[in-house]
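[1] Predicted model and sequence follow; I will ask about them next.
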Amino acid sequence: MPLHPQAQKLLDNLTSAPTALNQMTPKKARLAYDKFIKTRNFDLEPVNNVIDQVVDGPNGSISMRIFWPKSTVNKTLPVFVFFHGGGFVMGSVESREPQLRKIANRVGCIVVAARYRLAPENKFPAAHDDSLTVANWLINNAHSLNGNPKKLAIGGDSAGGNLAAFVCQNVVDSETDNFLLQVLIYPTTDFLFNLDLPSYKLLDKPYFLTRKQVDWYQNQFLPDGIDRRDLRLGPALAENFSGLPPALIITAEFDPLRDDGKNYANLLRKSGSPVKYICYDGMIHGFFHYGKVIDAAGHSLEEVIKSLKEAFAN
């Protein structure tokens, strides 16, 4: 189908900005990106409690924002850990907070959102090291949050989807079956585009995630001499996908990363992991966090909530 009118209007607003994000300094781009999202995302709804907590990592402390739902039926609660997107350069917990609060309340779970280090101040593999540290901390310390260590799920959007997929392949302190579900929202599972999937042709179209924008992310994030087939950057390049958690994978029709998600869904299915794959017609990359202006943001959030409820009910 054609580009949805709501997505087209959002794109028009993006392209009408006097300076493109990839022409800004990373600091200014972060501010502009967050401001654009926050004015178009859902309003914050009340939760029972919100705290910022710091955990120690091998490269310094890592901040997390933790949300507890309004009503708690059980003494201990399931826990969902989430990593935001933004090309490993931009993005924030705060810009995704409206969705995370709704997930906490509607699912009845604790939500942990990590503030991993961003590039270019912290190049690869800083984000991956931090995400793994947070995941392993949660696996071993969920009880300290009043969380149930046997009912954990993980997720992220875009670059955050890459981090979630990477963590599922690499948790070191326990088996990956600690995660009952991985929620991957238009994930980049092949950050360096090794696979030459059909949707990569959309990089040359004006759908926000353009080749110039991706080049900017890569230039900020990657150090010199990077191994182009590093599995941290390309979880889809792994040889073995057995034993990975079930997945909900969400993509958008006019997103260059559409086939990243579709391909990863197929790889998981072939390995025996149950997968629910949904591609939203007429949508573009990033639609999930524009709750006030894109109806599909609400529909996809409902799918995330439904899948988490089902996973935690088992």
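    It's in.

[2] Buried ones in stretch 134-153, by neighbour count?
    If you call a residue buried by 16 or more other C-beta atoms under 10 Å, then stretch 134-153 has these buried ones: 134-139, 142, 145, 147-149, 151-153. Placement of C-beta: from N, CA and C, glycine included.

[3] Show me the helices in the protein, by range?
    5-15, 26-38, 93-103, 126-141, 159-170, 211-221, 258-270, 295-313 (DSSP state H).

[4] Summarise which helices and strands the second one is packed against.
    In other words, helix 26-38. Under the contact definition 3 or more C-beta pairs under 8 Å, 6 or more residues apart in numbering; DSSP states H and E, helix 26-38 sits against helix 93-103.

[5] Who are the packing partners of the helix it packs on?
    Contact analysis of helix 93-103 by 3+ C-beta pairs under 8 Å, 6+ apart lists helix 26-38, strand 60-68, strand 77-83, strand 110-115, helix 295-313 as its packing neighbours.

[6] I'd like these laid out as CSV, including mean pLDDT, mean neighbour count and distance to Leu184.
    Output for these, formatted as CSV (pLDDT from 0 to 100; neighbours: other C-beta atoms under 10 Å; distance: least, C-beta to C-beta, whole Å):
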stretch, mean pLDDT, mean neighbour count, distance to Leu184
helix 26-38, 97, 16, 19
strand 60-68, 97, 18, 20
strand 77-83, 97, 27, 10
strand 110-115, 98, 26, 16
helix 295-313, 98, 18, 10
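
[7] got JSON lines for the ones you listed, with distance to Lys201 too?
    Shown next, in JSON lines, are these (distance: least, C-beta to C-beta, whole Å):
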{"stretch": "helix 26-38", "distance to Lys201": "25"}
{"stretch": "strand 60-68", "distance to Lys201": "37"}
{"stretch": "strand 77-83", "distance to Lys201": "27"}
{"stretch": "strand 110-115", "distance to Lys201": "33"}
{"stretch": "helix 295-313", "distance to Lys201": "22"}
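
[8] Identify whichever of these lies nearest to Val47.
    Nearest to Val47 among the helices and strands packed on helix 93-103 is strand 60-68; the distance by C-beta to C-beta comes to 5.0 Å.

[9] Confirm for me that Gln218 is in contact with Leu192.
    Yes - Gln218 lies in contact with Leu192 (C-beta atoms under 8 Å); the separation is 7.4 Å.

[10] Leu308 against Cys109, yeah?
    Yes - the pair Leu308 / Cys109 is scored as a contact, 6.7 Å apart, by C-beta under 8 Å.

[11] any common contacting residues for the two?
    Common neighbours of Leu308 and Cys109 (criterion: C-beta atoms under 8 Å, 6 or more residues apart in numbering): 78, 80, 103, 153.

[12] what's the neighbour count on Asn22?
    Asn22: 17 surrounding residues under other C-beta atoms under 10 Å.

[13] need the contact list for it.
    Contacts of Asn22 (C-beta under 8 Å, 6+ apart): 29, 212-213, 215-216.
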